[in-house]
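K.L.:
pasting the structure only:
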């Protein structure tokens, strides 16, 4: 596999430096990698998306440290402005099917289905009054479980943001 990956990298390097015939490459040419960028929770939603959904200008995203659980990785991002906070958590490397993984991650046995998200989703209100929506989608050989939480009474807004997130997974 390494041999196959080195050819595109070498070709990109030659073209970017102007080698390989034709006109030299301009010095301001941006070379895009052929592999996907590393996944981060804050890359799933922009600050503007969260601010727009909640009418909360000035929201700032804070990437949380990735928690390594062996096969599973937990990515997190907190969008904050004062006491306002929306948290996105993404768990990758889950082997279970989406429905099972979502039920395992929904911390409330009274969680109810949330329609229109684009994957299997359950929603509930935490004991602290936070609205929480959990969704799972299957991608290749893994299930990705995403949880989004925010102010009480905001399930529709959170579901709409979660729908946007699922298009990027």
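P.N.:
Cool, the structure landed. Just so we're clear, the structure is a prediction, and the values are computed from it rather than from any experiment. Residues are numbered from 1 along each chain as shown.
K.L.:
could you check the distance from the residue nearest to the spatial centre of the chain over to residue 110?
P.N.:
Geometric centre of the chain, nearest residue: residue 44, 3.8 Å, by C-alpha atoms, centre = their mean. Distance, residue 44 to residue 110, using C-beta to C-beta, to the nearest Å: 27 Å. (Each C-beta comes from the backbone N, C-alpha and C, glycine too.)
K.L.:
same thing with residue 104?
P.N.:
15 Å.
K.L.:
Neighbour count: these two, which is higher?
P.N.:
Regarding residue 104 and residue 110, a neighbour count based on other C-beta atoms under 10 Å identifies residue 104 as having more, with 14 against 8.
K.L.:
Now do the phi/psi pair for that one.
P.N.:
The phi/psi pair for residue 104 (degrees, to the nearest 10) reads phi -70, psi -30.
K.L.:
Was I right to think it contacts residue 97?
P.N.:
No: using C-beta atoms under 8 Å, residue 104 is not in contact with residue 97; the gap is 10.6 Å.
K.L.:
tell me what the host helix or strand of residue 161 is packed against?
P.N.:
If you go by DSSP states H and E, residue 161 is part of helix 155-166. The contact analysis (3 or more C-beta pairs under 8 Å, 6 or more residues apart in numbering; DSSP states H and E) places helix 155-166 against helix 47-54, strand 84-94, strand 120-125, strand 131-139, strand 142-150.
K.L.:
what's the domain layout of the chain?
P.N.:
Per automatic domain parsing, the domain ranges recorded for the chain read 1-35, 41-166.
K.L.:
among those, which gets the worst mean confidence?
P.N.:
If the domains of the chain are sorted by mean pLDDT, domain 1-35 sits at the bottom with a mean of 37.
K.L.:
Now do residue 158 against residue 72, distance only.
P.N.:
23 Å.
K.L.:
Neighbour count for these two, which is higher?
P.N.:
More crowded of residue 158 and residue 72, by other C-beta under 10 Å: residue 158, with 26 against 14.
K.L.:
list the contacts for the more buried one?
P.N.:
Going by C-beta atoms under 8 Å, 6 or more residues apart in numbering, residue 158 touches 86, 123, 131, 132, 133, 148, 149, 150.
K.L.:
If you rank the residues you listed by neighbours, which is first?
P.N.:
Using other C-beta under 10 Å as the neighbour test, these are led by residue 148, with 30 neighbours.
K.L.:
beta partners for that residue?
P.N.:
residue 88, residue 133 (DSSP bridges).
K.L.:
my guess is it meets residue 85, correct?
P.N.:
No: here residue 148 lies out of contact with residue 85, judged by C-beta under 8 Å, at a distance of 11.4 Å.
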